[in-house]
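A.B. asks: no sequence on this one, just coordinates:
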Ligand code: 5GP
């Protein structure tokens with residue numbers, strides 16, 4: 001439903017089209033397989049860029065002791081998620097590891113209108129949806145130094161048992177292949193060293209932002 005902050009514009013598929021052409025803000029997508037250090041890099045970028053904000057997703061997955069409601073995620077029931085989906089309240093949504101994840105659209109639009117850098121930490125399916133709607137979103141994919149190193153990191157987290165680690169590893173490889181095969185990602189950053197990867201991401205984002213503000217309007 002259109003709101004006061006968003007004109008009712010729809011694209012050919014009937015989806016809401018965002019009026020980002022007239023906004024100063026920019027969307028940053030950060031994706032990568034689990035265990036690659038993606039969350040640390042995302043939070044590092046958020047800390048390094050003054051007017052950046054992290055988009056808190058809705059999810060139906062269970063809250064863990066490490067999660068803070070409203071900071072890491074909005075934890076919702078399946079019914080709530082489906083209701084939001086029916087109301088077209090998500091900019092994108094996807095099923096990941098059998099659970100549902102979605103980016104609240106209105107909040108993102110509002111932040112873009114304020115000229116902010118809005119950071120979405122989302123998976124490959126979600127990134128493709130966002131890029132289709134907002135082509136000038138900047139998308140970064142974080143890679144492990146090697147497959148062997150990724151397996152080591154998944155094992156070192158001691159978060160899952162052997163079976164689940166192998167499953168996550170297979171999913172991670174599939175996600176990397178999908179990211180490489182598609183045209184969604186603007187940059188691939190290899191996380192050999194965390195501070196270096198954060199610096200690289202920040203430099204890329206600032207350069208993309210300069211290009212965007214210098215480009216045709
Ligand atoms: P986790 O449950 O481990 O925090 O996240 C699992 C995966 O879901 C990660 O790859 C994360 O990037 C992705 N994810 C988190 N929020 C969203 C979202 O709003 N949309 C999509 N498409 N993926 C998300």
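C.D. replies: Structure received. Since this is a predicted model, take the numbers as computed values, not measurements.
A.B. asks: quick check: next helix or strand after the helix-or-strand element of the chain with minimal mean pLDDT?
C.D. replies: None of the helices or strands of the chain scores lower by mean pLDDT, DSSP states H and E than helix 147-157, at a mean of 89. Downstream of helix 147-157, the first helix or strand assigned by DSSP states H and E is helix 162-181.
A.B. asks: neighbours of the residue in the chain positioned nearest to the ligand, how many?
C.D. replies: With CB to the nearest ligand atom, the shortest gap between the chain and the ligand falls at residue 126, namely 2.4 Å. No exception for glycine: its C-beta is placed from N, CA and C like everyone else's. As a burial measure, residue 126 scores 24 neighbours (other CB atoms under 10 Å).
A.B. asks: residue 29 now?
C.D. replies: Number of residues near residue 29 (other CB under 10 Å) recorded here: 28.
A.B. asks: wait, a strand at it?
C.D. replies: Yes - Residue 29: assigned to a strand according to DSSP: H, G, I helix; E, B strand; the rest coil.
A.B. asks: quick one: contacts for it?
C.D. replies: Taking CB atoms under 8 Å, 6 or more residues apart in numbering, we find residue 29 in contact with 120, 122, 126, 127, 130, 131, 137, 138, 139, 140.
A.B. asks: find the nearest non-adjacent residue to it, please.
C.D. replies: residue 139 (4.1 Å; CB to CB, 6 or more residues apart in numbering).
A.B. asks: list, one by one, the residues from the protein near the ligand.
C.D. replies: 34, 57, 61, 92, 94, 96, 101-103, 121-123, 125-126 (CB under 6 Å from any ligand atom).
A.B. asks: returning to what we had before: what kind of secondary structure is the residue of the chain closest to the ligand in?
C.D. replies: helix.
A.B. asks: tell me the contacts of it?
C.D. replies: 29, 31, 92, 93, 94, 101, 103, 120.
A.B. asks: tell me where the protein has strands.
C.D. replies: 26-31, 52-54, 57-59, 73-75, 90-96, 99-104, 117-121, 138-143, 187-190 (DSSP state E).
A.B. asks: tell me which of those sits most buried.
C.D. replies: strand 26-31 (a mean of 25; mean count of other CB atoms under 10 Å).
A.B. asks: ok, the nearest residue to residue 44 once chain neighbours are set aside - contacts?
C.D. replies: Nearest residue to residue 44, sequence neighbours excluded (CB to CB, 6+ apart): residue 198, at 3.6 Å. Contacts here follow CB under 8 Å, 6+ apart; on that basis residue 198 touches 40, 41, 44, 45, 48.
A.B. asks: would you list those residues in TSV and tack on pLDDT?
C.D. replies: Shown next, in TSV, are those (pLDDT from 0 to 100):
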residue	pLDDT
40	95
41	97
44	97
45	97
48	97
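A.B. asks: is it true that the residue nearest to residue 29 touches residue 31?
C.D. replies: Yes - using CB atoms under 8 Å, residue 139 is in contact with residue 31, at 7.1 Å.
A.B. asks: overlap in contacts, these two.
C.D. replies: 127, 185.
A.B. asks: tell me which residues touch the closest residue to residue 71 other than its chain neighbours, please.
C.D. replies: Nearest in space to residue 71, with sequence neighbours left out and distances taken as CB to CB, 6+ apart, is residue 56 at 6.8 Å. Residue 56 makes contact with 70, 71, 72, 73, 74, 104, according to CB under 8 Å, 6+ apart.
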